[in-house]
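Novice: Dropping the sequence and predicted coords here.
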Amino acid sequence: MQKNNSKSSVAKAFSGIFRNQLFIPIAALLLLALFNFIMDPSFFAISFGHNSAGNPVLSGRLITILDNGSELAILAIGMTLVTAASGGQDISVGAAIAIAGSVILRVLCGGQVSPEHLQAPIIVGFLAACIVAMLFGAFNGVLVAYFKIQPMVATLILYTAGRSIASWINNSQLPIVNEPKFGYFGGLIPGIPIPTPFIIAVICMIVMALVLKFTNLGLYTQAVGINESSSKLNGLNPKFIKLLSFIILGLCVAVAALIKVSRVSTINYSVVAKDIEMDAILAVALGGNALSGGKFSMPASIIGAYVIQFLTTTLYKFNVRADALPAYKAAVIILLVVLSAPVVREKLSSLGKKLKSGTRVKEVG
Amino acid sequence: MKKKFLGVVLSVAMVATLLAGCGKKEEAPTDETATEAPADDAAADEGSSSDKVITVGIINNDPTESGYRTANVKSLEEAFSAANGYEAKTFYSLKNDEQINAAQQFIQEGVDYLLLSAADTAGWDSTLKDAQAAGIPVILFDRTIDADESLYAASIVSDMDKEGQTAVEWLASQNLDEYNIIHIQGVMGSAAQKGRSGALQEKVDAEDSWNIVTQQTAEWNAEKAQQIVQSVIDSGEEFNVIYAENDDMARGAVAALDNANISHGVDGDVIIMGFDCNKWALKEVQAGRWNYDGQCNPFQAPYIDEVIKTLEAGQEVAEKVIILEEKGFDSSITDEEIEANGIGDETAPTE
């Protein structure tokens, strides 16, 4: 009896695993890890050393992945909310990062190209960027929520105009920050060997987790995404929830922009965060979230973001020819997205059920 | 209903694109005055060249493309200002078809000269013929195009192949026992990438002691360059040269080296090479943190001005194709050379 029970619970767990949204992104991550492990176990080597300023630093490919995936993970947080609430995606985040980054440099350099000293505290520059990015987020949000424009079309406006706006903010100059402290956000804080971008990303995740736990944001967002009119009948304000999701994404954009411009202490309007919007949307899709809105899983999106970075780093490692790189990436991603699509997951979990009801021996595949 | 909305929004988006394109016109004249001016000129005929305003249509790539382009656009706008007796109409785009449309627009409006830096080398034949039929001389600058020489009045361009060769010759003169190179490329297929990659590739193919450790495009992007170099460091492969095809990417590469405590520059373990000669980059070279920076001269405006003056005086242009002189700099660079050849402003704009 006892034995029988445990057996059926194994089968149940099996179908449950397939049904669980975290399954595909984690499986993808493990698959990539396994592939790298077989090809070259040194992929996972982590070493401890010092950088040229004499500060301790951890290095190795895993650290590189955590470091470089940070911006994407932060954006995935905001993009997940926007997707869930509005059933569409914001394709202007890359351009918005250019704008926010440009604002930071404008404030810090005070209009000069390469000042010896900062013209304003870094925090002021960052707050200014937050305000500007949230305003642009609100602009997108108003178009989507109040004018009922398709999100992808509404954000197309900023997508096309954003980088020109960014360049205009700094008079088409490319300012350079000479203050080493500014590099901390995209590099290392002296004494802490973990890359700062990853620390910032973790802080963002914790804040978002707390917000979702202690407020009704998650519940309301899902309600609006699943059925706007019934959520309205239940006393929610769907327009405001949608607007809010775009403003939160704006905040994520400002944080990502700080990391991006800090990495190299300068900006290039036409290439900074290029195509990152597509990766952010992919992260959400890889996380198994329905792109048409409704229920969402924040951890799944974040893992999705790191899967994409894992893939990029892997491709760099194997020295895939530059012009073939996007093709490889596309092939892997199509596979993952198809596997993580809700329809396919449904199929897989019903397969799991079949195995459960059929001969139980065969289930180990 | 939904479709209608979509249509409206799409057209809004298109207008927004247009506006974005026009946003940087700055001192460009309003449309009415601009179209009147050439009509007057046509009536006055070519005779009185001294006090008439010359209208030029400038078609260039988007100034946000790079520091090089920003400097290029700025120098042209300054040279062809009202103070110098010009009226400039400008159009900036990285897309060839948009540039062709703008060129045709300028031809219809009847500008006196058409200045062109094409996004793509192909597809300009019919436009150039239209210009010729309308009697508008075309002057190519910065980038050359695939068209018969008879279709344009002059061409003032950079020789990207030569830039690459100069850099590779400099690298060869360092007499290293072995060259293990990380080659960071620009956007694949662009003239600058082809020229700068070509020379290095040739040398690597010819010499046994020259090896490419990794060859990857970072698409002019500093962070991508940083990731590429980081990847090589993580793999533990040996390298002693970083050949980055622009300054931004060299900057990203250096950031990765600093993180891993690998010395670079003069007396360092790794030779750093960049292109474009941004002022900040030349200062890195002067300070010995980088070893070499190859010039890509954005200041064609004085040459163009000279060509226009010659044509206005009714004379033939002596040299139809002018290749700009471009140098490479190493740590022997002086402050004066940085001032004269560096691009990008060091001082705050006064306005």
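Specialist: Sure thing, it's come through.
Novice: Show the contacting residues for the nearest residue to residue B:149 once chain neighbours are set aside.
Specialist: The shortest distance from residue B:149 to any non-neighbouring residue, by CB to CB, 6 or more residues apart in numbering or on different chains, is to residue B:320 (6.5 Å). All C-beta atoms are positioned from the backbone trio N, CA, C, and that covers glycine. By CB atoms under 8 Å, 6 or more residues apart in numbering or on different chains, the contact set of residue B:320 is B:149, B:153-155.
Novice: and the stretch 1-150 of chain A, which residues reach chain B?
Specialist: Residues of the stretch 1-150 of chain A lying close to chain B (CB under 8 Å from any CB of the partner chain) are A:42, A:49-53, A:57, A:59-61, A:64, A:68, A:110-114, A:148-150.
Novice: Please list only the buried members of those.
Specialist: Buried by 16 or more other CB atoms under 10 Å in any protein chain shown: A:51, A:57, A:59-61, A:64, A:68, A:111-114, A:149-150, out of the residues of the stretch 1-150 of chain A next to chain B.
Novice: Would you indicate which residues of stretch A:330-338 are buried?
Specialist: A:332-333, A:336-337.
Novice: Could you save the contacts of residue B:320 as JSON lines and add columns showing pLDDT?
Specialist: Below are those laid out as JSON lines (pLDDT from 0 to 100):
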{"residue": "B:149", "pLDDT": "86"}
{"residue": "B:153", "pLDDT": "90"}
{"residue": "B:154", "pLDDT": "91"}
{"residue": "B:155", "pLDDT": "91"}
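Novice: Looking at neighbours, which among those is most surrounded?
Specialist: Counting neighbours by other CB atoms under 10 Å in any protein chain shown, the top entry in these is residue B:154, with 26 neighbours.
Novice: Tell me where the stretch 201-350 of chain A is predicted with low confidence.
Specialist: Within the stretch 201-350 of chain A, the ranges that satisfy pLDDT under 70 run A:322-323.
Novice: residue ranges for the strands of it, please.
Specialist: For the stretch 201-350 of chain A, applying DSSP state E, counting those that start in this stretch gives no strands.
Novice: who in it is up against chain B?
Specialist: A:260, A:263-264, A:266, A:268-272, A:274, A:312-313, A:316-317, A:319, A:322-323, A:325.
Novice: Give me the buried entries from these.
Specialist: A:260, A:263-264, A:266, A:268-272, A:274, A:312-313, A:316-317, A:319, A:322.
Novice: quick one on the thing from earlier: which members of the residues of the stretch 201-350 of chain A next to chain B are positioned in helices?
Specialist: A:260, A:263-264, A:312-313, A:316-317, A:325 (DSSP state H).
Novice: Reformat those residues as a markdown table; add distance to residue B:309.
Specialist: Listed next are those as a markdown table, based on distance: CB to CB, whole Å:
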| residue | distance to residue B:309 |
| --- | --- |
| A:260 | 45 |
| A:263 | 47 |
| A:264 | 42 |
| A:312 | 52 |
| A:313 | 56 |
| A:316 | 52 |
| A:317 | 57 |
| A:325 | 49 |
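Novice: which among those residues gets closest to residue A:188?
Specialist: Distance to residue A:188, by CB to CB, is smallest for residue A:263 among these, at 11.4 Å.
Novice: List the contacts of that closest one.
Specialist: By CB under 8 Å, 6+ apart, the neighbours of residue A:263 are A:183, A:186-187, A:197, B:222-223, B:226, B:252, B:255.
Novice: Would you mind measuring from it to residue B:222?
Specialist: 7 Å (CB to CB, to the nearest Å).
Novice: Strands along the stretch 1-150 of chain A, start to end?
Specialist: According to DSSP E, counting those that start in this stretch, the strands that the stretch 1-150 of chain A contains are A:47-50, A:56-59.
Novice: Can I get those in a markdown table including mean pLDDT?
Specialist: Listed next are the strands of the stretch 1-150 of chain A as a markdown table, based on pLDDT from 0 to 100:
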| stretch | mean pLDDT |
| --- | --- |
| strand A:47-50 | 89 |
| strand A:56-59 | 90 |
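Novice: now those as JSON lines including distance to residue B:195?
Specialist: Formatted as JSON lines, the strands of the stretch 1-150 of chain A follow (distance: least, CB to CB, whole Å):
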{"stretch": "strand A:47-50", "distance to residue B:195": "38"}
{"stretch": "strand A:56-59", "distance to residue B:195": "35"}
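Novice: closest one to residue B:216 among those strands?
Specialist: Comparing the strands of the stretch 1-150 of chain A by CB to CB, strand A:56-59 comes nearest, at 19.4 Å.
Novice: Kindly state the domain boundaries assigned to chain B.
Specialist: Chain B resolves into domains spanning B:22-158+B:298-319, B:161-295 when parsed by automatic domain parsing.
Novice: Local confidence estimate at residue A:101?
Specialist: As predicted, residue A:101 sits at a pLDDT of 96.
Novice: How many residues are close by residue 160?
Specialist: In the absence of a named chain, chain A is used. Neighbours of residue A:160 (other CB under 10 Å): 20.
Novice: I was thinking of chain B, sorry if that wasn't clear
Specialist: 24.
Novice: now do residue B:176
Specialist: As a burial measure, residue B:176 scores 13 neighbours (other CB under 10 Å).
Novice: how close does it sit to residue A:167?
Specialist: Distance of residue B:176 to residue A:167, given as CB to CB: 40 Å.
Novice: How many residues are close by residue A:117?
Specialist: Residue A:117 has 9 nearby residues by other CB under 10 Å.
Novice: my bad, residue B:247
Specialist: Other residues within reach of residue B:247, judged by other CB under 10 Å, total 32.
Novice: again with the one 10 residues further on
Specialist: Counted with other CB under 10 Å, the neighbours of residue B:257 add up to 24.
Novice: wait, it sits on residue B:226?
Specialist: No: here residue B:257 lies out of contact with residue B:226, judged by CB atoms under 8 Å, at a distance of 9.4 Å.
Novice: which residues does the residue nearest to residue A:45 when sequence neighbours are not counted contact?
Specialist: Leaving out its chain neighbours, the residue that sits closest to residue A:45 by CB to CB, 6+ apart is residue A:60, at 5.3 Å. Applying CB under 8 Å, 6+ apart, we find residue A:60 in contact with A:44-47, B:234.
Novice: Then residue B:187?
Specialist: Neighbouring residues of residue B:187 by CB under 8 Å, 6+ apart: B:193, B:217, B:219-220.
Novice: now with 6 Å?
Specialist: residue B:219 (CB atoms under 6 Å, 6 or more residues apart in numbering or on different chains).
Novice: What strand or helix carries it?
Specialist: Here residue B:187, judged by DSSP states H and E, is contained in no helix and no strand.
Novice: Then residue B:90?
Specialist: strand B:86-92.
Novice: immediately after that strand, which helix or strand?
Specialist: helix B:96-109.
Novice: what about the helix or strand following that following helix, distance to the chain center?
Specialist: Toward the C-terminus, helix B:96-109 is succeeded by strand B:113-116 as the next helix or strand (DSSP H and E). Averaging C-alpha positions (CA atoms, centre = their mean, to the nearest Å) puts strand B:113-116 16 Å from its chain's average.
Novice: Identify each buried residue in the helix or strand just after strand B:113-116, please.
Specialist: As assigned by DSSP H and E, the chain's next helix or strand after strand B:113-116 is helix B:125-133. Buried residues in helix B:125-133, defined by neighbour count with 16+ other CB under 10 Å: B:127-128, B:131-132.
Novice: Return the residues of the stretch 51-200 of chain B in contact with chain A.
Specialist: B:63-65, B:67, B:70, B:188 (CB under 6 Å from any CB of the partner chain).
Novice: Out of those residues, list just those in helices.
Specialist: B:67, B:70.
Novice: Just name the closest of the residues of the stretch 51-200 of chain B next to chain A to residue A:78, please.
Specialist: residue B:64 (24.6 Å).
Novice: That closest one and residue A:169 touch, don't they?
Specialist: No: the pair residue B:64 / residue A:169 is not scored as a contact, 11.2 Å apart, by CB atoms under 6 Å.
Novice: So for those two, which sits in the more crowded spot?
Specialist: residue B:64 (23 against 20).
Novice: Mind pulling the model confidence for the more buried one?
Specialist: So, for residue B:64, pLDDT stands at 76.
Novice: same thing with residue B:7?
Specialist: On the pLDDT scale, residue B:7 gets 63.
Novice: Cool, thanks, talk later.
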